[in-house]
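Visitor: Please find the sequence and the predicted model below.
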Amino acid sequence: MKDPNDPCLFCNFKQSGFAFENSLAYASYDTYPVSKHHCLIIPKRHMKNFFDITDEELVACNNLIKIVKEDIINNDPNVEGFNLGTNIGRVSGQSILHCHFHLIPRRLGDVENPQGGVRSVIPSKQHYIRKK
């Protein structure tokens with residue numbers, strides 16, 4: 001199996017393909033999508049994770065997140081929500097060690113009980129009962 005970190009899969013965005021870009025970041029549809037239109041927003045400069053990006057890169061990524069969100073909504077009226085997240089470190093599930101954000105469209109009924117959202121990365125913590 002080819003190592004996506006040698007060379008870094010996300011460093012050559014012109015080769016890997018992109019849907020949108022600005023001067024500091026680009027958006028590419030995930031090749032292993034969680035749901036239809038699952039998109040990755042990736043800073044062009046190589047750095048391992050979220051804590052290494054500059055404020056300018058964060059703004060550039062945020063601008064693309066909003067553009068991609070609007071594009072998805074305009075092309076798929078069934079999308080009613082999103083999960084937005086990033087994995088930081090291998091222990092969190094990060095497999096490509098180049099900072100990137102997942103924008104995952106959600107549709108009514110795509111899972112039986114969506115309570116907990118991103119908390120489901122640890123299944124026993126996903127569903128909870130609020131204390132009064």
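Guide: Nice, I can see it. Residues are numbered from 1 along each chain as shown.
Visitor: Report how many residues lie close to residue 5.
Guide: Residue neighbour count, defined by other CB atoms under 10 Å, stands at 13 for residue 5. Yep, even glycine has a C-beta here, placed from its N, CA and C like the rest.
Visitor: ranges for the helices of the chain?
Guide: For the chain, the helices defined by DSSP state H cover 13-16, 55-75.
Visitor: Mind giving me the packing neighbours of the shortest one?
Guide: Think helix 13-16. strand 25-29 (3 or more CB pairs under 8 Å, 6 or more residues apart in numbering; DSSP states H and E).
Visitor: rewinding a little: so which of the helices of the chain is nearest residue 109?
Guide: Residue 109 lies closest to helix 55-75 among the helices of the chain, at 17.5 Å (CB to CB).
Visitor: how big is the angle separating the closest one from strand 25-29?
Guide: Following axes from the mean of the first three to the mean of the last three CA atoms, to 10 degrees, one obtains 30 degrees for the angle between helix 55-75 and strand 25-29.
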